[in-house]
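Asks: next input, structure requested:
(one chain, ligands or ions: 1)
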Amino acid sequence: MADVILRNISKRFGAIEAVRELSLAVNDGDFLVLLGPSGAGKTTTLRLITGLEQPDSGSVMINGRDVTLDPPGSRDIAFVFQQYSLYPHLTVYDNLAFPLRSPARRVPEPVIRKRVEQTAELLHIASKLNNRATRLSGGEMQRVAIGRALVRDPSIYLMDEPLSSLDAKLRAELRLELKRIQLELGATVLYVTHDQVEAMTMATRIGVIRDGRLLQIGTPREIYENPTDSYVASRLGTPQINLLPARVLSEIALPAGTETVGVRTEHLQLAARNGGPLVGRVHRVEHLGEQNHVHLDYKGQMLVTLADPREALQAGQEIELHLMHPLYFDGAGQRIPAATH
Ligand SMILES: Nc1ncnc2c1ncn2[C@@H]1O[C@H](COP(=O)(O)OP(=O)(O)OP(=O)(O)O)[C@@H](O)[C@H]1O
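Replies: Numbering: from 1, shown residues only. You can find the predicted model right below:
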């Protein structure tokens, strides 16, 4: 059983409130992704769990034990950083063995060998064990860095944007592998990123964080389909949700209090003009291969939606917009629940 509970933790650096009364539970076997922009407090949250930072208030529990005041070394945690952080003069084997060779652990050498070889297999780097760390590609180096966390069997793996230094293709590849490995090991992971695709594809749950506050936590589907506010709605989905001021939609009935209407691709149907109340104009069509991005001008508001590339849409063409179950938000950006409309 491995779980981590944060209770109301806050951390301030001078005038900056990096983390504000954040409460969070990472359950056994969870792959919890903290998703937020730069400066949201993601790294600070991880550092508070490791003990590299002390909270100003609140507590950190690991496996039912309050570790808030414990030094970092005594917490049963493995951390993967954004940068590779390998020992360049050591071989891949020795880099992987390193965390097990600390005098405090006293792991016998045959056990180390077994763990290192298993980990290398898991990460598909078994053939590189004798290479020096510097003689690896970026993707291989990051695999080794992840491997250094995996050789141990901690309560929780903390990962701080471990794929962000890789190119898009490698990132996609390692994303799949990390998820496979997590499932194979039944590992508990807290992973921070600003990449919504990583969050959507790997997470069992996503926590959306902004300005040190946890805004919402739920499964990727819950966060995508049922965002509690317009900021959370805009964090997931490509193209991004269109947020239209209610005043440009006076032709249609909106729930009381609506100030903004959130329109994702699946909430919008385009049709030839046929007397419907909402008429826009195609501004630009971007052909992306399997789909088109259509940029529409609706009363001076620019909307982006997906369309089938076989649909003949031309810039300048007038087109009807049909909204299907869009999301409604009040003046403060809070969601107006479906039950009230
Ligand atoms: N040691 C520190 N001293 C002063 N300010 C800090 C320190 N560490 C973090 N901060 C500030 O706290 C806020 C949160 O930083 P943090 O690194 O946790 O954000 P983040 O979400 O991880 O961002 P990024 O995605 O850019 O890594 C930022 O405003 C940052 O400048």
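Asks: so which residues of the stretch 201-341 of the chain form strands?
Replies: 205-210, 213-218, 242-245, 260-263, 268-271, 279-287, 292-298, 301-307, 318-323, 327-329 (DSSP state E, counting those that start in this stretch).
Asks: how about those strands, which one is nearest the ligand?
Replies: Taking C-beta to the nearest ligand atom, strand 205-210 is the member of these nearest to the ligand, at 7.1 Å. The C-beta positions use only the backbone N, C-alpha and C, and glycine is treated the same way.
Asks: hmm, back to that, adding mean neighbour count, write the strands of the stretch 201-341 of the chain out as TSV.
Replies: Formatted as TSV, those follow (neighbours: other C-beta atoms under 10 Å):
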stretch	mean neighbour count
strand 205-210	24
strand 213-218	18
strand 242-245	18
strand 260-263	22
strand 268-271	16
strand 279-287	15
strand 292-298	19
strand 301-307	17
strand 318-323	16
strand 327-329	23
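Asks: tabulate those strands (TSV), appending mean pLDDT and distance to the ligand.
Replies: Output for the strands of the stretch 201-341 of the chain, formatted as TSV (pLDDT from 0 to 100; distance: least, C-beta to the nearest ligand atom, whole Å):
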stretch	mean pLDDT	distance to the ligand
strand 205-210	97	7
strand 213-218	97	12
strand 242-245	98	23
strand 260-263	97	24
strand 268-271	94	31
strand 279-287	94	28
strand 292-298	95	27
strand 301-307	95	25
strand 318-323	95	34
strand 327-329	97	24
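Asks: turn these into a markdown table, columns for distance to residue 128.
Replies: Converted to a markdown table, the strands of the stretch 201-341 of the chain look like this (distance: least, C-beta to C-beta, whole Å):
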| stretch | distance to residue 128 |
| --- | --- |
| strand 205-210 | 33 |
| strand 213-218 | 38 |
| strand 242-245 | 47 |
| strand 260-263 | 47 |
| strand 268-271 | 49 |
| strand 279-287 | 41 |
| strand 292-298 | 40 |
| strand 301-307 | 41 |
| strand 318-323 | 54 |
| strand 327-329 | 48 |
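Asks: the most centrally placed residue in the chain and residue 53, how far apart?
Replies: Of all residues in the chain, the one closest to the mean position by C-alpha atoms, centre = their mean is residue 199, 3.1 Å from it. From residue 199 across to residue 53, the span is 24 Å (C-beta to C-beta, to the nearest Å).
Asks: residue contacts, the residue lying closest to residue 186 once chain neighbours are set aside?
Replies: In space, and not counting its chain neighbours, residue 186 is closest to residue 29: 5.4 Å by C-beta to C-beta, 6 or more residues apart in numbering. When contacts are counted by C-beta atoms under 8 Å, 6 or more residues apart in numbering, residue 29 touches 186, 187, 188, 204.
Asks: pop the domain breakdown of this protein in here.
Replies: Per the record, the chain has its domains at 4-227, 242-340, by automatic domain parsing.
Asks: including distance to residue 236, could those domains go into TSV?
Replies: Below are the domains of the chain laid out as TSV (distance: least, C-beta to C-beta, whole Å):
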stretch	distance to residue 236
domain 4-227	5
domain 242-340	9
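Asks: tell me the most buried of the ones you listed?
Replies: domain 4-227 (a mean of 18; mean count of other C-beta atoms under 10 Å).
Asks: how far away from the center of its chain is it?
Replies: Its chain's C-alpha centre and that of domain 4-227 lie 12 Å apart, by C-alpha atoms, centre = their mean, to the nearest Å.
Asks: stretch 285-296 now?
Replies: 26 Å.
Asks: contacts for that stretch, please.
Replies: 239, 270, 280-284, 302-309, 311, 313-315, 319, 321.
Asks: swap in stretch 53-71?
Replies: Counting by C-beta under 8 Å, 6+ apart, 1-12, 19, 21-23, 44, 47-49, 51, 74-77, 155-156 sit against stretch 53-71.
Asks: same check on stretch 174-188?
Replies: 2-4, 26-31, 122-124, 139, 142-143, 146, 150, 155-157, 162-163, 166, 189, 197-198, 201-202.
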